[in-house]
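J.: Starting from these lines, generate the structure:
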Amino acid sequence: MGRRGLGRGLSALIATGESVGGLRFEELPVSAVRPNAMQPRRNFSEAGIKELATSIKSVGILQPLVVRPTETGFELIAGERRLRAAKEAGIERVPVLIRQADEDETMELALVENLQREQLNPLETAAAYQALMDSFGLTREQLAARLGKSRTSVTNTLRLVQLPESVRVMLQEGSISEGHARAVLGLKDEVEILRLAKEIQQEKLSVRRVEEMVREINAAAWAAASSEPGADTPPPDSPNKKQREADRNSEALDRISNKITQAIKLQTRIKKSRRGGKIEIRFKHDEELETIIAKLIEDKTR
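T.: Predicted structure coming up:
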């Protein structure tokens, strides 16, 4: 008889086929559960998986995975770490809660579940934020409200993707902190960002000290540029001032996006670029598309 992954306490409370919070509880073969391709978490500690596998061998899986049925089996919505550990432990069947969800809902649930659990590193979190915004047409303000976070927090996290690749690696490996990463983004030159990031590693600099060094570097660069004959270089904006200006522009676009969303009852987002921009309107069904087309044509003929 194959090893089972259901913890004894859980099996005493719930029988397969029963409903838990509107979701059907079952035990499924591990091979029938396919990982979620949109899983935002990219790094799984091998040591952590082995440790969890040891626990599963001893007491089973106490928290069911969440899956959705597909034409070929079941796709994971939440619980990839438990699924990996179950395979490591040699478990043949795992407890699951089956939820009906389409691909968009699956992606959103997986992203939000990981974000709420705070299992992601800062770069994975930034990637998850961007994926939610791109996939569901959310503004930063709307995303912040959905996650229960401040808009500033969401904006600061999204800025991390602007780091040079080598500095992103340092952040991912934990050799610099998220605070350090935000501070070095106050520099314009990638070579300077990398140099300072390496200095943070070697000298164990505090975030406050790095913020001071960024201001000193920018001031020195401005002084050098201003000393050139005929130079008319404006003084450098402090990182905080530049960020506040960017935030104000983004907030203004968010407010307009929200007004359009409320007016047409469809998720809308305005994205600016160097040469203009675009308005994205998301719809889920043909009926919603027909509604927005009718509104546009109707407005045009007024």
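J.: What's the first helix or strand after the host helix or strand of Met107?
T.: Using DSSP states H and E, Met107 maps to helix 103-117. Beyond helix 103-117 in the direction of the C-terminus, DSSP H and E gives the next helix or strand as helix 122-136.
J.: Which elements pack onto that next one?
T.: helix 103-117, helix 140-147, helix 151-158, helix 165-173 (3 or more C-beta pairs under 8 Å, 6 or more residues apart in numbering; DSSP states H and E). Any C-beta I mention is one placed from the backbone N, CA and C, and that applies to glycine too.
J.: by how many degrees do that helix and helix 140-147 diverge?
T.: Between helix 122-136 and helix 140-147, the angle comes out at 110 degrees (axes from the mean of the first three to the mean of the last three C-alpha atoms, to 10 degrees).
J.: who's in contact with the helix holding Met107?
T.: With contact meaning C-beta atoms under 8 Å, 6 or more residues apart in numbering, helix 103-117 is reached by 36, 38-41, 66, 68, 75-78, 99, 101, 120, 124-125, 128-129, 131-132, 135-136, 146-147, 284.
J.: now Gln172: how far from Thr70?
T.: Remark: distance between Gln172 and Thr70 (C-beta to C-beta, to the nearest Å) = 31 Å.
J.: Compare these two (neighbour count), which wins?
T.: Remark: of Gln172 and Thr70, Gln172 carries more neighbours, 15 against 11, as counted by other C-beta atoms under 10 Å.
J.: quick one: the helix holding Met107 to chain centroid distance?
T.: Chain-centre distance of helix 103-117: 9 Å, with C-alpha atoms, centre = their mean, to the nearest Å.
J.: where does the stretch 51-200 of the chain dip in pLDDT?
T.: Scanning the stretch 51-200 of the chain for pLDDT under 70 picks out the ranges 114-119, 135.
J.: Try it again at 90.
T.: 51-52, 54-66, 68, 70-73, 76-82, 91-92, 95-156, 161-162, 172-174, 188-189 (pLDDT under 90).
J.: Dump the helices and strands packed on helix 122-136 into a markdown table; add distance to Ser226 as well.
T.: Converted to a markdown table, these look like this (distance: least, C-beta to C-beta, whole Å):
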| stretch | distance to Ser226 |
| --- | --- |
| helix 103-117 | 45 |
| helix 140-147 | 35 |
| helix 151-158 | 31 |
| helix 165-173 | 29 |
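J.: Can you say which of these is nearest to Ile56?
T.: helix 103-117 (18.3 Å; C-beta to C-beta).
J.: just so I know, which of the helices and strands packed on helix 122-136 lies nearest Ile270?
T.: Closest to Ile270 of those is helix 140-147 (C-beta to C-beta; 11.6 Å).
J.: and that closest one, which residues are buried?
T.: For helix 140-147, burial by neighbour count (16 or more other C-beta atoms under 10 Å) applies to Arg140, Glu141, Gln142, Leu143, Ala144, Leu147.
J.: Same check on stretch 289-302?
T.: Across stretch 289-302, burial judged by 16+ other C-beta under 10 Å covers Ile292.
J.: distance between that stretch and the chain's centre?
T.: The answer for stretch 289-302 is 35 Å, by C-alpha atoms, centre = their mean.
J.: Restrict that stretch to CA atoms and write it as PDB.
T.: The C-alpha coordinates for stretch 289-302 follow below in PDB (Å, rounded to 0.1, in the frame of the first residue of the first chain):
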ATOM      1  CA  LEU A 289     -16.300  43.700 -25.400                       C
ATOM      2  CA  GLU A 290     -19.600  44.400 -27.200                       C
ATOM      3  CA  THR A 291     -20.600  46.700 -24.400                       C
ATOM      4  CA  ILE A 292     -17.400  48.800 -24.700                       C
ATOM      5  CA  ILE A 293     -17.600  48.900 -28.500                       C
ATOM      6  CA  ALA A 294     -21.200  50.100 -28.300                       C
ATOM      7  CA  LYS A 295     -20.200  52.800 -25.800                       C
ATOM      8  CA  LEU A 296     -17.400  54.000 -28.100                       C
ATOM      9  CA  ILE A 297     -19.600  54.100 -31.200                       C
ATOM     10  CA  GLU A 298     -22.400  55.700 -29.300                       C
ATOM     11  CA  ASP A 299     -20.100  58.400 -28.000                       C
ATOM     12  CA  LYS A 300     -18.600  59.000 -31.500                       C
ATOM     13  CA  THR A 301     -22.000  59.600 -33.000                       C
ATOM     14  CA  ARG A 302     -23.100  62.200 -30.500                       C
END
